[in-house]
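Student: Need a 3D model of the sequence below.
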Amino acid sequence: MIKGVGRGVDQAFDQLRASILDGRYGVGKFLPSVRALSEEVQLSAETIRRGLKLLEREGLVEAQSRKGFRVVTQVP
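Tutor: Residues are numbered from 1 along each chain as shown. Below is the predicted model:
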């Protein structure tokens, strides 16, 4: 669990991180849209956005304006 974030954000972070690390989303590939991810894991779009921002801070993804989030590494 990540200190200082809500349970939903922690869940989003963990699920997305696991999908990146296990190769579901490869380096250089864009993640599905926030809407698609929120429907997939049954969490709000805002919760998904917060989880993605944590992944960005960890260095696994980078945000690209008007394109979404791209995986930049699979090594934590």
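
Student: Quick check: which helices or strands does the helix-or-strand element of the chain with minimal mean pLDDT pack against?
Tutor: Lowest by mean pLDDT, DSSP states H and E among the helices and strands of the chain is helix 7-21, with a mean of 91. Helices and strands touching helix 7-21, by 3 or more Cβ pairs under 8 Å, 6 or more residues apart in numbering; DSSP states H and E, are helix 34-41, helix 45-58. All C-beta atoms are positioned from the backbone trio N, CA, C, and that covers glycine.

Student: and that helix, how far from the chain's centre?
Tutor: Its chain's C-alpha centre and that of helix 7-21 lie 6 Å apart, by Cα atoms, centre = their mean, to the nearest Å.

Student: which residues touch that helix?
Tutor: 1-2, 5, 25, 31, 37, 41, 43-44, 47-48, 50-52, 54-55, 58, 60-61, 71, 74, 76 (Cβ atoms under 8 Å, 6 or more residues apart in numbering).
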